[in-house]
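Chemist: sequence first, then the predicted structure, then my questions.
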Amino acid sequence: MQNSDPESTPEMICAGPLRVEYFLTPDGKQYSHLLGGPCLYAGAGAKIWTTDAPGLIARIGENFPEEFLAVIRAKGLDTRGVRVIPHRQPTEGFYYYDQWDQCIDWDPIKYYARRNIPCPPELLEYSPPSIGEAQTSFFPEIAIRSEDVPKVYRQARTAYIAPCHYLSQITLSVALRQFGLGTICLSPSKGMYAPTNLPQVGQLLHGIDIFFAQEENLRKLFPPNRQDLLEIVDFIARLGPKIILLQKELQGVTVYDSDSKRMNFSPFYPTEIKNPIGVGDSFCGGFLAAWRRTFDPVESALFGCISASLAIEGVGGLYALDRIPGLAEARLFSLRQSIAGSSGG
C-alpha cells in the first residue's frame, strides 16, 4: 500500500471507514458492491482541488476487496494509512431512499423485499454502523486507533476525522493535536445525536478547530425550547471549534465564524441527485483543501459545495474524480457569480 515516494507527507489526511456500499434509490434503481465510505468521499472531495495525494486512515478486514485499494491508489489517493486486520470485519453500508432527503440505513431485508428484489447475502446479518459508533465504552477491532496514523502522516497540515467510532474520534483528535497538526475538522457519527450525549459530544470537540454536522442532527442534541440556531452554534463554539459548518439537507451549508459571530449560507451547486450519502464528507474534503490555502471559511465553503455537487450526481466514492477536467473550476466560477448576483454585488 505504498505510494511511489514512501517518505512523502500528504498535506491533508482523512480518517474514517472505508465501505462497500449498497443503495436503493427513489427512482427504483439498486446499486451493489460499490466502493465508498466517509473516509473515501472526503479524500476524493479534497483531491478535486489539489495535485497532492490526500492520505487515508482506515481499518479494513481481510474480506475487503483488494482490487478496491488498487483503484483508490490509481485515482491519486494515499493508502499507507489503510490497515488490514485479521478475519472478516463489518464493511458494508446500506442506504434506502424513499425520497432523496430521507435516508434509512437499517433493516435491508425489509426494504429489498419492498422492491421485490432479493437481499444481497452480505446484508443478511447487517447492523447499521452508527449504532456501534455511538458506544462510548466498547472499542471494536475495526475501529481506528491512534497508532494507525503512519509516521509520514504526522506532519500533515490538515486532518478530517469523519463519522466513525466515538473512541476512535476521541483518541485520534488527541493524537493529531499532539503531532502538531494545524487544523482538525471533526464530524461525529449520527448515532451521537441524542440529548443524553451532549456531554460526550463536548468531549469530542475539545481541541477541534472545525466542526461539521447536519443541522437537523445537531438540533437533536438540544431540547425543544433551545432551538435558536445562533444560540446553538454559539454554545458549540464555546466547546472548542472556532468554525462550525452545518449542512442544511441537500440545499447547502451554513458557515459560522465564532470570531466574527457571523453566519453565511453557501448553496450547493444545482445538479442531478443520484447519491446523497457522501455529500457532507465530500464537502469537508473540498473545504479543507481550500482552507489550508485561504483560511477563509466562506471562500472555503464554496470549494466544498462544488466537491459535494460532483459527488452527489453519481454513485461510488470516487465518482467525483471521473468528471471532465475543468468542470470543478467552471462550477466554482458559476457559483460565485450566482451568489454575487443574488446579493446584488
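Modeler: Ah, there it is.

Chemist: confidence score at residue 334?
Modeler: Residue 334 is assigned a pLDDT of 97 by the prediction.

Chemist: cool, the one 10 residues further on as well?
Modeler: The predicted local distance difference test score for residue 344 is 62.

Chemist: now swap in residue 196 and tell me
Modeler: The predicted local confidence for residue 196 is 95.

Chemist: what count of nearby residues applies to it?
Modeler: Neighbour count for residue 196, taken as other Cβ atoms under 10 Å: 7. To be clear about C-beta, it is placed using only N, CA and C from the backbone, and glycine gets the same treatment.

Chemist: return the distance of it relative to residue 222.
Modeler: Here residue 196 is placed at a distance of 12 Å from residue 222 (Cβ to Cβ, to the nearest Å).

Chemist: who are the contact partners of the residue lying closest to residue 287 once chain neighbours are set aside?
Modeler: In space, and not counting its chain neighbours, residue 287 is closest to residue 304: 3.5 Å by Cβ to Cβ, 6 or more residues apart in numbering. Contact analysis of residue 304 by Cβ atoms under 8 Å, 6 or more residues apart in numbering lists 45, 245, 253, 266, 282-287, 290.

Chemist: which residue is nearest the middle of the chain?
Modeler: The centre of the chain sits closest to residue 281, judged by Cα atoms, centre = their mean, with a distance of 2.3 Å.

Chemist: go through the helix or strand hosting that one and flag the buried ones.
Modeler: When secondary structure is defined by DSSP states H and E, residue 281 falls within helix 279-294. Within helix 279-294, the residues scored as buried using 16 or more other Cβ atoms under 10 Å are 279-292.

Chemist: turn those into CSV, including distance to residue 95 and pLDDT.
Modeler: Formatted as CSV, these follow (distance: Cβ to Cβ, whole Å; pLDDT from 0 to 100):
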residue, distance to residue 95, pLDDT
279, 12, 98
280, 13, 98
281, 13, 98
282, 15, 98
283, 18, 98
284, 19, 98
285, 19, 98
286, 21, 98
287, 23, 98
288, 24, 98
289, 26, 98
290, 28, 98
291, 28, 98
292, 31, 95
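
Chemist: wait, which of those residues is closest to residue 156?
Modeler: Nearest to residue 156 among those: residue 292, at 9.6 Å, using Cβ to Cβ.

Chemist: touching, that closest one and residue 10? I think so.
Modeler: No: judged on Cβ atoms under 8 Å, residue 292 makes no contact with residue 10 at a distance of 11.2 Å.

Chemist: still on that earlier bit, got the buried residues of helix 279-294 as TSV, with distance to residue 165 columns?
Modeler: Output for these, formatted as TSV (distance: Cβ to Cβ, whole Å):
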residue	distance to residue 165
279	22
280	18
281	16
282	21
283	22
284	18
285	20
286	25
287	23
288	21
289	25
290	28
291	25
292	26
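
Chemist: ok, these vs residue 213, which is closest?
Modeler: Ranked by distance to residue 213 (Cβ to Cβ), the buried residues of helix 279-294 are led by residue 280 at 8.4 Å.

Chemist: so who does that closest one touch?
Modeler: The contact partners of residue 280, by Cβ under 8 Å, 6+ apart, come to 187, 212, 214, 247, 308.

Chemist: is it true that the last one touches residue 270?
Modeler: This points to residue 308. No: using Cβ under 8 Å, residue 308 is not in contact with residue 270, being 11.5 Å away.

Chemist: between those two, which has more neighbouring residues?
Modeler: Each of residue 308 and residue 270 has its neighbours counted (other Cβ under 10 Å); residue 308 has more, 32 against 11.

Chemist: so is that one in a helix, a strand, or just coil?
Modeler: Here residue 308 is recorded as helix under DSSP: H, G, I helix; E, B strand; the rest coil.

Chemist: again, but for residue 271
Modeler: Under three-state DSSP, residue 271 comes out as coil.

Chemist: OK, contacts around it?
Modeler: Residue 271 sits next to 309, 312-313 when contact means Cβ under 8 Å, 6+ apart.
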